[in-house]
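In: Build me a model from this:
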Amino acid sequence: MATREEVIELLDHGHTYETAARALGITPGLVYMTATGRPADGSHDRFSSPLPHGLPQPDSPQRLTEPPPFNPTRKAHVAAWVRERARRDLRAAAR
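Out: The predicted model follows:
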């Protein structure tokens, strides 16, 4: 489990909640909660007061709870093939 100090240090060095999460091996929502003490799911009135220690306020903390998967080896031609294959399979299933 990442400590608040580790999270704050990464954020102070210019990381976003997403990149800090990758560096620590946890979710961005957990990075946000560890740094701020506030849940990212919207269950706290997140805009009523500034974040502690001058932490960056994301556009919407709730988007940190289920970020899109990160795949550094993603290849455009593979993604296109998968989309085409899924389209063909759906057409075949509809017949």
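
In: can you give me the helices for this structure?
Out: In the chain, the helices defined using DSSP state H lie at 4-12, 17-24, 28-36, 76-94.

In: looking at these, which is closest to Leu64?
Out: helix 28-36 (4.0 Å; CB to CB). Every residue, glycine included, has its C-beta placed from N, CA and C.

In: Give me the packing partners of the closest one, helices and strands only.
Out: helix 4-12, helix 17-24 (3 or more CB pairs under 8 Å, 6 or more residues apart in numbering; DSSP states H and E).

In: what angle separates it from helix 4-12?
Out: Angle between the axes of helix 28-36 and helix 4-12 is 100 degrees (criterion: axes from the mean of the first three to the mean of the last three CA atoms, to 10 degrees).

In: and the closest residue to Glu66 other than its chain neighbours, how many neighbours does it have?
Out: Nearest non-adjacent residue to Glu66, counting by CB to CB, 6 or more residues apart in numbering: Gly29, 7.9 Å away. Neighbour count of Gly29, defined by other CB atoms under 10 Å: 20.

In: Correct me if wrong: Gly29 contacts Thr65.
Out: Yes: using CB atoms under 8 Å, Gly29 is in contact with Thr65, at 4.2 Å.

In: and the closest residue to Ala2 other than its chain neighbours, how far is that from Arg87?
Out: Nearest residue to Ala2 in three dimensions, chain neighbours excluded: Leu24, at 4.4 Å (CB to CB, 6+ apart). Going from Leu24 to Arg87 by CB to CB, to the nearest Å gives 38 Å.

In: Looking at those two, which one has more neighbours?
Out: Comparing Leu24 with Arg87 by other CB under 10 Å, the one with more neighbours is Leu24, at 19 against 10.

In: now the residue nearest to Glu66: how far from Trp81?
Out: 32 Å.
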